[in-house]
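Participant: curious how this folds, go ahead:
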Amino acid sequence: MEKSPDAFRTISEVAEELDLPQHVLRFWETRFNQIKPLKRGGGRRYYRPQDVDLIRGIRHMLYDQGYTIKGVQKLLRENGNQFVIAIGSGDLAAVEAIAQRKQQEAAAESRKAGEDEMLVGEAKAKPSRRFFGLGKSEEEGPVQGGDSKLSRDNRALLQEALFDLLECKRLLDQVR
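Facilitator: Presented below is the predicted three-dimensional model:
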């Protein structure tokens, strides 16, 4: 008789389902604190369905994608369990949605960190308005016939472009 998908699994059931030796599962518990099976009397492990899904994702990243343990730990730390679970299940839509959400959160944090910073963590001088082709700078006096402040929409567009450039820089730095 087949177990319900919501049923807890023993270590031998998980090992068989994922084609992994039991000692590897025990070892991964020491390396990935996100894997937390329930332990009953005698030290028997019972894995929740989400534990099995997470292990499947970790297995996929290590064995199929060639990640190191440290690489998978970094993925988990930066993107969370659901990201690795989605990768392991092949749910590319969920992977993309999680990545976009993380990108938006990072953008919001960097906006909070300092509105006038050009790069996250590196305070820069405020760029000249003339650099953006938006008229005279505040030091040069008001623009003829208008306000010298950026409109809210222009500021949002510039910030969006900046975050896109920062993401490109991050991706290029990863490739190097």
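Participant: can you give me the offset of the least confident helix or strand in the chain by mean pLDDT from its chain's centre?
Facilitator: Of all helical and strand segments in the chain, the minimum by mean pLDDT, DSSP states H and E falls on helix 152-175, at a mean of 73. Its chain's average C-alpha position is 17 Å from that of helix 152-175, according to CA atoms, centre = their mean, to the nearest Å.
Participant: list the buried residues of that helix.
Facilitator: Leu162, Phe163, Leu166 (16 or more other CB atoms under 10 Å). C-betas here are computed from N, CA, C, even on glycine.
Participant: where does the protein have low pLDDT?
Facilitator: Counting by pLDDT under 70, the chain shows low-confidence ranges at 1-2, 113-153, 155-156, 159.
Participant: just give me the residue closest to the centre of it.
Facilitator: Asn79 (2.9 Å; CA atoms, centre = their mean).
Participant: list the contacts for that one?
Facilitator: Ile98, Ala99, Lys102 (CB atoms under 8 Å, 6 or more residues apart in numbering).
Participant: give me the phi and psi for the last one.
Facilitator: Which is Lys102. In this entry, Lys102 is assigned phi and psi values of phi -60, psi -40 (degrees, to the nearest 10).
Participant: how about it: what's its closest non-neighbour residue?
Facilitator: Distance criterion CB to CB, 6 or more residues apart in numbering; nearest residue to Lys102, sequence neighbours excluded, is Asn79 at 5.9 Å.
Participant: again with Arg31
Facilitator: Ile69 (5.4 Å).
Participant: what's the burial count for the one you found?
Facilitator: Neighbourhood size, Ile69 [other CB atoms under 10 Å]: 14.
Participant: and for Glu109?
Facilitator: Here the count is done by other CB under 10 Å, and Glu109 has 10 residues near it.
Participant: how near is it to Gln103?
Facilitator: Distance of Glu109 to Gln103, computed by CB to CB, to the nearest Å: 11 Å.
Participant: in this protein, which spans are helices?
Facilitator: Applying DSSP state H to the chain gives helices spanning 11-18, 22-31, 49-59, 69-79, 81-89, 92-113, 152-175.
Participant: now these as CSV including distance to Lys3?
Facilitator: CSV is the format used below for the helices of the chain (distance: least, CB to CB, whole Å):
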stretch, distance to Lys3
helix 11-18, 8
helix 22-31, 18
helix 49-59, 10
helix 69-79, 27
helix 81-89, 19
helix 92-113, 25
helix 152-175, 41
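Participant: and of those helices, who's closest to Arg40?
Facilitator: helix 11-18 (11.6 Å; CB to CB).
Participant: can you list the buried residues in that closest one?
Facilitator: Residues Ile11, Val14, Ala15, Leu18 are the ones in helix 11-18 that count as buried (16+ other CB under 10 Å).
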